[in-house]
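A.B. asks: Next comes the sequence, and after it the predicted model I'd like to discuss.
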Amino acid sequence: MKRASITSEGNNHTAIDLGCLDQLTDFSYFHPKLKTDISGKLFTGEILKSTGAEISFQTLPPHSEIGFLHKHREHEEIYIVLKGRGQFQVDRKTFDVSEGSLVRIAPDGERTYRNNSDESMILICIQTRAGTLVSRYIEDGFRVINEIVWKDPADN
């Protein structure tokens, strides 16, 4: 089983390298409730030391599916299809997705997804606590007056 490696870390950041997305199948996640390994799935929140969002990556082989419906108590999910195509089912409604599709699902939405194509489908899922966005990005950010200093990372 492959592990993500930390490439840079400081007081205010953690950076990791997953490698080529086509190699996500080298990762696996042990699902504690299902008591089984899920090949091609990786959660990044713990290694990134995230305090507000969970991000997972998943590769679904051709003609495969999650195989169960789920929903959340507090988290909404945003799925981004990075490669391939398939279908989502939310609250008994089925719809097609493909590379570039984004799907937001509220906590109470019953969801599952599948790859019904002949190629792998790669997804990223971002989980955040629903109802906590207090302002949009542009309203929350502000400029900092300081010098930008680029250097080669090998110059540590």
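C.D. replies: Yep, that arrived.
A.B. asks: What about L24, how many residues nearby?
C.D. replies: 24 (other CB atoms under 10 Å). Backbone N, C-alpha and C define where each C-beta goes, glycine included.
A.B. asks: Quick check: it vs H75, distance?
C.D. replies: L24 is 22 Å from H75, where distance means CB to CB, to the nearest Å.
A.B. asks: and stretch 84-99, how far out from the chain's middle?
C.D. replies: In terms of CA atoms, centre = their mean, to the nearest Å, the centre of stretch 84-99 is found 17 Å from the chain centre.
A.B. asks: now do stretch 73-88
C.D. replies: Centre-to-centre, stretch 73-88 and its host chain are 8 Å apart (CA atoms, centre = their mean).
A.B. asks: who's the nearest residue to F27 once chain neighbours are set aside bridged to?
C.D. replies: The spatially closest residue to F27, leaving aside those adjacent along the chain, is L42, at 4.1 Å (CB to CB, 6 or more residues apart in numbering). With DSSP bridges applied, L42 shows beta-bridge pairing to F57.
A.B. asks: Contact partners for L42?
C.D. replies: Applying CB atoms under 8 Å, 6 or more residues apart in numbering to L42 gives the contacts 4, 18, 24, 27, 29, 56-58.
A.B. asks: Let me know the distance separating P62 from G100.
C.D. replies: 19 Å.
A.B. asks: These two: which is more packed in?
C.D. replies: Using other CB under 10 Å as the criterion, P62 and G100 rank with P62 on top: 13 against 9.
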